[in-house]
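1. Here is my input; please provide its structure:
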Amino acid sequence: MRVFFICISFFLVFHCSAQIRDVKSNIKKDKENEESGHSDVQRISKPEAFSPPTLGEDLAEFITVNLFYYTIYGAYRGIELGQYAMQVRRDKHPETFSLEGELLAGFDFRENTMTLSPSVRGNWGLFASDLRFRHTEDVTGGLQALDWQVLMLRLPVKTLKLEYGLGFSHVFSPSKTYFDQSAGLDWRFPALKTTLKAHYQWSQKTSLGERYRQETSVMIDYEAARAGRFRFSPTAGFGYNDYFGSTQFRFVQLGLKVRFF
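-> I've put the predicted structure just below:
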């Protein structure tokens with residue numbers, strides 16, 4: 001696979017840039033900074049804390065306990081009713097309870113970089129989980145990472161679903177794990193057999209003062225064939241990745257998505 005990437009890269013572009021090498025160098029520096037306790041981020045002195053008026057002990061306890069209880073109870077009831085509503089509409093929107101597999105490949109013609117990212121995703125009503133392996137390579141090296149949006153909440157509005165997720169991204173070499181968040185939308189057009197997805201994912205800030213990665217992508221897929229409960233959809237789109245605020249990739253992406261429901 002490595003030889004394949006390098007051969008195509010030399011064939012298309014005769015010059016190379018140190019994009020992947022720069023990303024790995026920043027990850028290594030971030031890891032070393034954390035291990036040594038050093039940070040490039042300027043420390044800002046905290047202002048003196050504001051002290052609110054003191055409530056009576058009984059009143060403060062009453063307010064705290066009740067706010068906590070009703071907040072948790074309200075969130076639980078909202079999720080319970082929302083999940084029930086998703087179950088009721090399952091016949092009209094079966095894709096809300098489904099399993100998806102995707103193989104996506106992309107090429108950045110400017111930076112002479114290729115990427116390959118197989119993924120699997122489970123949708124269960126209001127919830128989803130998305131696991132993706134990323135391999136990105138240019139003539140200076142390769143970067144492999146495992147991205148897992150462990151829990152995603154989905155708000156349905158007819159055929160539109162708004163999503164927010166929490167998870168992590170683990171880089172294999174140098175070994176480093178970053179906390180990730182994501183937001184996006186999944187808009188299905190049943191009459192056209194197409195689905196539009198827009199996605200933004202961002203990592204925590206590092207000791208270098210920048211985020212490990214920010215990613216924006218827009219993808220569209222078309223259901224071309226069915227076999228029983230399997231749906232086969234070619235996909236196409238564009239992805240933009242920014243590493244440490246200094247290394248950017250712009251990928252033209254093509255792939256195949258398989259849905260099961």
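2. drop to CA atoms for contacts and neighbour counts, all remaining ones
-> Will do.
3. Quickly note the distance from the residue most central in space within the chain to residue 109.
-> Centroid check for the chain by Cα atoms, centre = their mean gives residue 201 as the closest residue, at 4.4 Å. Distance from residue 201 to residue 109, counting by Cα to Cα, to the nearest Å: 23 Å.
4. on that earlier part again, give the bridge partners for the residue nearest to the centre of the chain, please.
-> residue 182, residue 215 (DSSP bridges).
5. Which pLDDT value goes with it?
-> The score at residue 201 is 97. That number is its pLDDT.
6. ok, now which ones touch it?
-> By Cα atoms under 8 Å, 6 or more residues apart in numbering, the contact list for residue 201 reads 180, 181, 182, 183, 214, 215, 216.
7. cutoff 10 Å now
-> 149, 164-166, 180-184, 213-217, 241 (Cα atoms under 10 Å, 6 or more residues apart in numbering).
8. tell me which element residue 220 falls in.
-> strand 213-222 (DSSP states H and E).
9. CA-only coordinates of that strand, as CSV, when you get a sec.
-> Presented in CSV, the C-alpha positions along strand 213-222 are these (Å, rounded to 0.1, in the frame of the first residue of the first chain):
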residue,chain,number,x,y,z
ARG,A,213,-7.1,18.8,14.0
GLN,A,214,-10.1,20.6,12.7
GLU,A,215,-12.1,18.9,9.9
THR,A,216,-14.9,20.1,7.6
SER,A,217,-16.5,17.9,5.0
VAL,A,218,-19.5,17.9,2.7
MET,A,219,-20.6,14.5,1.1
ILE,A,220,-23.4,13.4,-1.1
ASP,A,221,-24.4,9.8,-1.8
TYR,A,222,-26.9,8.2,-4.2
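10. Roughly how far does residue 232 sit from residue 35?
-> 46 Å.
11. swap that for residue 128, please
-> As judged by Cα to Cα, residue 128 and residue 35 stand 34 Å apart.
12. who has more neighbours, the two?
-> For residue 128 versus residue 35, neighbours defined as other Cα atoms under 10 Å are more numerous around residue 128 (22 against 9).
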